[in-house]
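> have a look at this prediction, sequence included:
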Amino acid sequence: MPTPLADLQERYRCASPRSRALFEQGRAYTAGAAKGAYYYPPHPLTMARGQGCFLWDVDGRRYVDCANHHTAQVLGHGNERVEAAVREQMQKGIALGAPTGIESEIAREMCDRVDTLERIRFVNSGTEATLHAIRLARGYTKHGKIAKFEGGYHGSHDAVEVSVAPPLDQAGPADAPVALPTAGGMSPSAASEAIILPYSDPEAVERIVAAHASELACVLFDPKAGVLDIQPDFARAVRDITRRHGVLLIFDEIVGFRTSIGGLQEVYDIDPDLSCFGKIIGGGFPVGAFGGRADLMDLFDNSQQSTGLFQSGTFSAHPVAMAAGLATLSELTPQTIDHLNALGARLKDQLNALFADRAISAQAVCTGSVFSIYFARGPIASYRALAATDKTLIQPLFLSLIEQGYFLGPGLGMCALSAPMDAEHIDGLVAAVGNALAEIA
């Protein structure tokens with residue numbers, strides 16, 4: 001008989017008493033966990049420290065870190081070069097209220113790596129990156145609406161937090177999705193300003209974009225790296241459609257920048273007008289960036305003329321984040337990326353072989369070193385396919401992997417590998433999944 005979820009939860013509670021106590025103490029001041037993504041039942045683990053590809057919780061247990069701080073810690077924890085760069089910058093000054101030069105160095109490095117980046121600006125998060133990129137697109141085109149893909153997540157501002165996880169009974173036809181607000185408290189007009197596109201259906205995308213091209217400021221495309229099985233041909237079709245109808249394409253690389261020196265756009269062989277970045281380019285510090293065509297980005301250049309467009313922020317291009325990010329990119333060589341991609345391919349192949357051998361309707365979706373585990377057959381290439389997956393075994397598998405020393409994202413989605421890992425860590429994770437399935441399935 002499979003072990004009941006209640007038994008797994010009780011074992012988890014017994015093994016993490018200090019984490020539970022700290023969560024209960026903190027929730028009175030932080031309205032639950034410190035941020036929404038940190039909570040999962042019965043309570044989140046509190047981590048004491050990280051080193052390499054390992055985490056230790058406050059109860060003294062060690063885990064192989066396969067969550068990787070929402071994919072951001074691509075070099076793992078405690079990378080010597082990143083820490084040295086941070087210490088050096090902090091000795092010079094934490095925040096000086098003026099350029100320090102380090103922001104120009106990382107800007108040059110980003111533009112050298114990504115062919116479509118002619119100019120770039122740094123902000124504090126991926127949310128800010130998409131906010132300013134959309135504002136730039138609206139200012140340039142003088143059009144108010146944007147198009148985004150159903151299930152695409154681009155941060156937590158009103159323009160984009162539409163149809164991120166819509167209930168299927170309200171979402172309309174698969175080839176003509178309805179725009180639905182995702183979070184409470186959003187502007188009543190937010191949904192009406194968004195046109196929703198379906199993933200992996202180029203004919204529907206063509207029809208919808210053609211119908212709304214005259215009012216669209218941009219199409220925002222999140223390739224859902226490691227979450228949906230998006231094919232390069234579809235990405236190229238989106239680029240062709242937007243170019244044919246004269247609509248700007250903003251490519252969300254906030255997760256996808258791990259896969260190649262030039263990002264997923266290099267892998268897919270597309271040339272967006274603007275791109276948004278985040279996560280790994282801050283070396284573990286809060287960061288975001290957006291950039292692209294010079295004629296667009298130069299509208300922010302207030303040293304030349306006033307265009308009515310402006311982007312700034314107290315902590316934008318923070319020198320410590322810039323130093324950490326530059327050090328991270330210097331370590332993220334083609335050899336390192338090849339190593340990460342090989343680990344991802346090994347994990348995907350071994351997990352899918354395990355599921356087939358056990359005759360379990362499950363699969364691993366992997367883009368480079370970012371992966372998700374789903375309980376379903378058939379391709380997971382759209383939000384509708386993802387929403388239809390079986391969620392029953394997700395928490396039991398997550399808790400069993402915790403017990404065996406592997407820390408994944410609580411929904412088993414958008415997990416990530418890091419450079420300090422090797423084949424032994426991958427093989428151990430696959431064996432742990434097999435052990436878990438033997439107990440819960």
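Noted; the coordinates are in hand.

> use CA for all of it now, contacts and neighbours both
Will do.

> neighbours around residue 146, how many?
25 (other CA atoms under 10 Å).

> secondary structure element for it, which one?
strand 145-149 (DSSP states H and E).

> likewise for residue 195?
strand 194-197.

> tell me the pLDDT at the closest residue in space to residue 269 that isn't next to it in sequence?
Computed as CA to CA, 6 or more residues apart in numbering, the closest residue to residue 269 that is not its neighbour in sequence is residue 236, at 7.2 Å. Residue 236 is assigned a predicted lDDT (pLDDT) of 98.

> for residue 305, same thing?
79.

> any idea how far it lies from residue 296?
According to CA to CA, to the nearest Å, residue 305 and residue 296 sit 14 Å apart.

> strands paired with the strand holding residue 146, and their directions?
Partner strands for strand 145-149, per DSSP bridges, with pairing direction: strand 194-197 (parallel), strand 216-221 (parallel).

> go through those and name the closest to residue 40.
Of all those, it is strand 216-221 that lies closest to residue 40, at 28.6 Å by CA to CA.

> ok, residues contacting the closest one?
Counting contacts by CA atoms under 8 Å, 6 or more residues apart in numbering, the residues outside strand 216-221 that touch it are 134, 137-138, 141-149, 152, 242, 247-252.

> thinking again about what came up before, out of the strands paired with strand 145-149, which comes closest to residue 72?
Closest to residue 72 of the strands paired with strand 145-149, according to CA to CA: strand 216-221, at 19.9 Å.

> and that closest one, how far from the chain's centre?
Here the centre of mass of C-alpha atoms in strand 216-221, compared against the chain's by CA atoms, centre = their mean, to the nearest Å, lies 19 Å away.

> any idea which helix or strand comes after it?
Downstream of strand 216-221 (by DSSP H and E), the next one is helix 232-244.

> buried residues, that following helix. List them.
Going by neighbour count (16 or more other CA atoms under 10 Å), the buried part of helix 232-244 is 232, 234, 235, 236, 237, 238, 239, 240, 241, 242.

> got the contact list for the fourth one?
In this structure, residue 236 makes contact with 268, 269, 270, judged by CA under 8 Å, 6+ apart.

> residue contacts, the last one?
By that I understand residue 270. 235, 236, 239.

> relative to residue 176, how far out is the last one?
In other words, residue 239. Distance from residue 239 to residue 176, by CA to CA: 19 Å.

> swap in residue 225?
From residue 225 across to residue 176, the span is 23 Å (CA to CA).

> out of the two, which sits in the more crowded spot?
residue 225 (26 against 17).

> so the more buried one touches residue 367, yeah?
Yes - under the criterion of CA atoms under 8 Å, residue 225 makes contact with residue 367 at 5.4 Å.

> ok, and the closest non-adjacent residue to residue 162?
Closest to residue 162 by CA to CA, 6+ apart is residue 181, at 4.5 Å.

> what about the one you found, how many neighbours?
Quick note: residue 181 (other CA under 10 Å) scores 24 neighbours.

> wait, it sits on residue 193?
No - in this structure, residue 181 is not within contact of residue 193 by CA under 8 Å, at 10.8 Å.

> returning to that earlier point: more neighbours: which of residue 305 and residue 296?
residue 296 (18 against 10).

> residue 401 contacts residue 407, correct?
Yes - the pair residue 401 and residue 407 passes the contact test of CA under 8 Å, sitting 6.8 Å apart.

> quick one, which of the two is more surrounded?
residue 407 (25 against 21).

> could you pull up phi and psi at the residue nearest to residue 162?
Main-chain torsions, residue 181, degrees, to the nearest 10: phi -60, psi 140.

> what residues are up against it?
Going by CA under 8 Å, 6+ apart, residue 181 touches 161, 162, 163, 166, 190, 191.

> would you turn those residues into TSV with neighbour count?
Output for the contacts of residue 181, formatted as TSV (neighbours: other CA atoms under 10 Å):
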residue	neighbour count
161	23
162	31
163	27
166	21
190	18
191	22
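
> do you have the helices of the stretch 101-250 of the chain handy? List them.
102-113, 126-141, 202-212, 232-244 (DSSP state H, counting those that start in this stretch).

> can you list contacts of the first one?
Read that as helix 102-113. Helix 102-113 is contacted from outside by 117-121, 261-262, 317-319, 322-323, 325-326, using CA under 8 Å, 6+ apart.

> one step back: farthest pair in the contacts of residue 181?
Greatest spatial distance among the contacts of residue 181 (CA to CA): 166 and 190, at 14.6 Å.

> follow-up on the earlier one: between the buried residues of helix 232-244, which is closest to residue 277?
Nearest to residue 277 among the buried residues of helix 232-244 is residue 235, at 17.5 Å by CA to CA.

> that closest one touches residue 268, doesn't it?
Yes - under the criterion of CA under 8 Å, residue 235 makes contact with residue 268 at 6.6 Å.

> distance of residue 306 from residue 374?
Relative to residue 374, and taking CA to CA, residue 306 is found at 50 Å.

> quick one, which of these two is more surrounded?
Comparing residue 306 with residue 374 by other CA under 10 Å, the one with more neighbours is residue 374, at 21 against 11.

> any idea which residue sits dead centre in this protein?
Compute the mean C-alpha point of the chain, and by CA atoms, centre = their mean the closest residue is residue 255, 3.8 Å away.

> residues in contact with that one?
By CA under 8 Å, 6+ apart, the contact set of residue 255 is 71, 72, 224, 225, 277, 278, 279.

> ok, 7 Å please
Taking CA atoms under 7 Å, 6 or more residues apart in numbering, we find residue 255 in contact with 71, 225, 279.

> and those residues, which is closest to residue 197?
Looking across those and measuring by CA to CA, the closest to residue 197 is residue 225, at 17.4 Å.

> doesn't residue 256 make contact with the closest one?
Yes - under the contact definition of CA atoms under 7 Å, residue 225 touches residue 256, with a separation of 5.5 Å.

> ok, now how distant is residue 45 from residue 8?
According to CA to CA, residue 45 stands 15 Å off from residue 8.

> neighbour-wise, which of those two wins?
residue 45 (24 against 18).

> and the strands in the stretch 51-200 of the chain?
Ranges of strands in the stretch 51-200 of the chain, per DSSP state E, counting those that start in this stretch, are 54-57, 62-65, 119-123, 145-149, 194-197.

> can you list contacts of the second one?
Applying CA under 7 Å, 6+ apart, the external contacts of strand 62-65 come out as 53, 54, 55, 56, 405, 406, 407, 408.
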